[in-house]
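Engineer: Return atomic coordinates for the entry below.
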Amino acid sequence: MICEEAKLRNIIEMAVGFTVMARVFEKGSSGSIKYKLYEVLQGLEYIETKEDFDKMHDSFCHWFTSNIKLAKSDGSASYGHAAKVLDIALKVFVYYCNLPDPNKADKLLPMLRCAIDAPIFKYLIERYDQHKSIKSASLTLRDIDEELYPYLQKMVSLDIERDYGNTIYPVQYDDILWRRLNRDGN
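Structural biologist: Reported below is the predicted structural model:
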């Protein structure tokens, strides 16, 4: 049991570190974020439906925006910040590590979302916002609220349908697009 707890805490450390967002939040926030992620990841075994997943996701994001402040302003973290942190943690835990167990991970995989970072955000807006209602040049995660986030996830689904024939999940799309936009272009 102690090994499993250490494993879970290490996964959380990796996920939070991978988002490179700890520096964006007020000093001392990291402990609260990690504690809340620990609770969420331990509760995944009780997620049975997409509605359960959506409720958990939304609850975490609302907790985050109410409790986590930005480092360089008096403002609160955005829904986009919260969703990215959670989506990355879920990707590492479920998709990469096949936890909480392989059967549950298989059930959760289609529910996982694309972790939207600034380059993915800009790509989606440039490709799908035909009215150019959102200026893509200065987009940041701070601009993603709880209304824009589901709209962006719909754009992800549209891109998956158009470019991949619905043969991949949003979490897999996230990996593909992240590499293309942030790393090697492939």
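
Engineer: Just give the nearest non-adjacent residue to the residue minimising distance to the centre of the chain, would you?
Structural biologist: Averaging the C-alpha coordinates of the chain gives a centre point, and the residue nearest to it by Cα atoms, centre = their mean is residue 87 (2.2 Å). Of all residues not flanking residue 87 in the chain, residue 115 sits nearest, at 3.7 Å (Cβ to Cβ, 6 or more residues apart in numbering). Placement of C-beta: from N, CA and C, glycine included.

Engineer: How about residue 117?
Structural biologist: Per Cβ to Cβ, 6+ apart, closest to residue 117 is residue 84, 6.4 Å.

Engineer: try residue 119
Structural biologist: Nearest-residue entry for residue 119: residue 181, 4.0 Å, with adjacent residues in sequence omitted and distances by Cβ to Cβ, 6+ apart.

Engineer: contacting residues around the helix or strand where that neighbour lies?
Structural biologist: If you go by DSSP states H and E, residue 181 is part of helix 170-182. With Cβ atoms under 8 Å, 6 or more residues apart in numbering as the test, helix 170-182 has contacts from 87, 90-91, 94-95, 109, 112-117, 119-120, 123, 153, 156-157, 159-160, 164, 168, 186.
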